[in-house]
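Q: only geometry, no sequence info:
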């Protein structure tokens, strides 16, 4: 088996191994493990269609549907032709080749498919990764458009009136890319994602509430390619109470499990965010492959959500730490205290890196756009490892206050007399070079 690229981005020609003997021939037309290893997308077919064509010269197309296809012939020969109808620079790009039992083609979503059969009794087969729906958005081009100029090898024989009536390329609206859905629009990360993903679809409370996973059914999942979870229960102290414990598990685990099922069922790329709290903080810098060892309930739910996320084939598990963004956050609190003349006591024995929410959002987008390997990635700020007291003193200096006005105290002293979750002393996550 050999795979070659075509001038249309994402379109791949597969040269199959065909085994012949006196009885005829045999081939593995789709073999997921071998083909994915060789470079085909793991596109998750859910339906197979077969088009039987009695007479040579019969022509069908040019149809672009909102799903990927894997086309081949089960019997006979065909001349396949494809036109890129996706938004972008490649719109209108074409490619054609002959299909026989030794040749198949992977056709990405938004690339229009057409063919002319070269032999009588040709069976043309295609796998697709979405069930057909009359409500799906299609894009079609006229088979005989002189601008497309497909060199059909035989005189045009049978052709449907519907195909004959398709518009010319100049009249076709390009097909938009798959949608990105973000859950948790109102949080610090959700707000930052709105700045870097302006075309994404954002959902938040009360419409979508991960404590009630059934609310995810309010979203139209057709045409979605990526699901980003920016929602979480993050009250680490509140999670230690009976009510908080239940809510923390409901949002961070049960809700994420519901999203993971949707991602699995629909072949979505799933992005979920985890935390330095999955570690006990006994080492100064945590590796991506370090076994999780959470101390408190919040960390336990994040460790559980990592396990849940890992069952989605196309997943990015993004660990981060000490996020500050739009809304209430530690840095803004220190600025306010500095301006009000307060001299606060701040913990000096917890160490980590601040992560601006904008940096986390941009890191997520970079993973998606670069098609980074699926799995766990650490995304934090690249500043120095500091204590909370160090950060507070830096903020005080920026505000014209004496850094010595910030009094460093131990975690035990700071939390004395109040119910609190255990915290990791070292939260720095090892970053790629």
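A: Arrived safely. Note that the structure is a prediction, hence the values are computed from the model and not measured.
Q: Now do the residue most central in space within the chain, the pLDDT please.
A: For the chain, residue 269 is the residue whose C-alpha lies nearest the centre (C-alpha atoms, centre = their mean; 3.0 Å). Model confidence at residue 269, expressed as pLDDT, equals 95.
Q: got the buried residues for stretch 374-392?
A: By neighbour count with 16 or more other C-beta atoms under 10 Å, stretch 374-392 contains the buried residues 374, 376-381, 386-392. (Each C-beta comes from the backbone N, C-alpha and C, glycine too.)
Q: distance of residue 120 from residue 77?
A: Computed with C-beta to C-beta, to the nearest Å, the distance linking residue 120 and residue 77 is 10 Å.
Q: Next: residue 58.
A: Residue 58 sits 12 Å away from residue 77, going by C-beta to C-beta.
Q: Quickly list what's touching both of the two.
A: Taking C-beta atoms under 8 Å, 6 or more residues apart in numbering as the criterion, residue 58 and residue 77 both touch 117, 122.
Q: Which one's more surrounded, these two?
A: Neighbours were tallied for residue 58 and for residue 77 using other C-beta atoms under 10 Å; the higher tally belongs to residue 58 (23 against 17).
Q: what residues are up against the more buried one?
A: Contacts were defined as C-beta under 8 Å, 6+ apart; by that measure residue 58 touches 116, 117, 122, 157, 158, 159.
Q: Can you say which of those residues are buried?
A: By neighbour count, with 16+ other C-beta under 10 Å, the contacts of residue 58 hold 116, 117, 122, 159 as buried.
Q: Just the ones of the residues you listed in strands?
A: 116, 117, 122 (DSSP state E).
Q: tell me the phi and psi of residue 230?
A: As for residue 230, its main-chain torsions (degrees, to the nearest 10) stand at phi -110, psi 10.
Q: so it sits right up against residue 183, yeah?
A: Yes - the criterion here is C-beta atoms under 8 Å, and residue 230 meets it with residue 183 at 6.4 Å.
Q: picking up where we left off before, what pairs with the residue nearest to the centre of the chain across the strands?
A: Residue 269 forms beta bridges with residue 226, as assigned by DSSP bridges.
Q: Against residue 330, how distant is the residue lying closest to residue 241 once chain neighbours are set aside?
A: Of all residues beyond its chain neighbours, the one nearest residue 241 is residue 419 (7.3 Å), with distances taken as C-beta to C-beta, 6 or more residues apart in numbering. Computed as C-beta to C-beta, the residue 419 to residue 330 distance reads 20 Å.
Q: the more surrounded of these two?
A: Using other C-beta under 10 Å as the criterion, residue 419 and residue 330 rank with residue 330 on top: 16 against 9.
Q: these two touch, right, the more buried one and residue 388?
A: Yes - taking contacts as C-beta under 8 Å, residue 330 lies within contact range of residue 388: 7.0 Å.
Q: before we move on, back to that, would you list the buried residues of stretch 374-392 in a markdown table and tack on secondary structure?
A: Compiled in a markdown table, these are given as follows (DSSP: H, G, I helix; E, B strand; the rest coil):
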| residue | secondary structure |
| --- | --- |
| 374 | coil |
| 376 | strand |
| 377 | strand |
| 378 | strand |
| 379 | coil |
| 380 | coil |
| 381 | coil |
| 386 | strand |
| 387 | strand |
| 388 | helix |
| 389 | helix |
| 390 | helix |
| 391 | helix |
| 392 | helix |
